[in-house]
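Asks: Based on what follows, work out the 3D shape:
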Amino acid sequence: MATRTARTAWNGTLQDGSGRTELASSGLGTFDVSWPKRTSEEAGGSTSPEELIAAAHASCFAMAFSGGIAKAGGTPQSLDVTADVDFGPDKERGGFMITGITLTVRGKVEGLDSAAFEKAAQEAKAGCPVSKALAGVDITLDAALA
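Replies: Sure thing, here's the model as predicted:
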């Protein structure tokens, strides 16, 4: 199986410094990161670890769910998946943490009713490799046929 690599070059202090994160395996891009923008509501042209996790989770879930729909006897036409990753204070241990993730999916599927769609979505949430890697985080799911 494959190994994928990303690299970050950081310069300066946490508050005043900044970095560039490169998607090294794919070569698809290099993105700015900074602590002030990470903790702000406005990203201002920078990404963050949480946004990168959201991208990983949305794409992983979409793949797992597509396979799960087929396994349940349906045919996926389209899936629109959003992952919202919340970042905030860690009240128990100090510092910061990912406080929760919400997966939202709307899909057009042939051959499954709403209950079967929801069941396949819950199974995909539990079985997706990124969900498994993030098992210490509360992950909620909002799944509905479009």
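Asks: got a list of contacts for the helix or strand of the chain with the lowest mean pLDDT?
Replies: Every helix and strand of the chain was ranked by mean pLDDT, DSSP states H and E. The lowest is helix 35-38, at a mean of 94. Residues outside helix 35-38 that contact it (C-beta atoms under 8 Å, 6 or more residues apart in numbering) are 14-15, 17, 43-46, 48-50, 87. To be clear about C-beta, it is placed using only N, CA and C from the backbone, and glycine gets the same treatment.
Asks: Please report the distance of the residue nearest to residue 30 when sequence neighbours are not counted from residue 53.
Replies: Counting by C-beta to C-beta, 6 or more residues apart in numbering, the nearest residue to residue 30 once its immediate chain neighbours are dropped is residue 22, at 4.5 Å. Residue 22 is 17 Å from residue 53, where distance means C-beta to C-beta, to the nearest Å.
Asks: before we move on, what about residue 130?
Replies: On the measure of C-beta to C-beta, residue 130 and residue 53 end up 8 Å apart.
Asks: Kindly report the same for residue 6.
Replies: 12 Å.
Asks: Of these two, give the one with the bigger neighbour count.
Replies: residue 53 (19 against 13; other C-beta atoms under 10 Å).
Asks: Need the nearest residue in space to that one, chain neighbours excluded.
Replies: residue 85 (5.2 Å).
Asks: Make sure that neighbour is indeed in a helix.
Replies: No: the assignment for residue 85, made by DSSP: H, G, I helix; E, B strand; the rest coil, is strand rather than a helix.
Asks: Does it touch residue 97 like I think?
Replies: No: here residue 85 does not reach residue 97: they are 10.9 Å apart, not a contact under C-beta atoms under 8 Å.
Asks: So which of the two has more stuff around it?
Replies: Using other C-beta under 10 Å as the criterion, residue 85 and residue 97 rank with residue 85 on top: 23 against 16.
Asks: what's the more buried one in contact with, if anything?
Replies: 50-51, 53-54, 57, 98, 100-101.
Asks: Pick out whichever of the residues you listed sits closest to residue 111.
Replies: residue 57 (26.1 Å; C-beta to C-beta).
Asks: residues near that closest one, how many?
Replies: 26.
Asks: Run through the strands of this structure in chain order.
Replies: Ranges of strands in the chain, per DSSP state E, are 7-11, 18-22, 30-33, 75-89, 96-110, 139-145.
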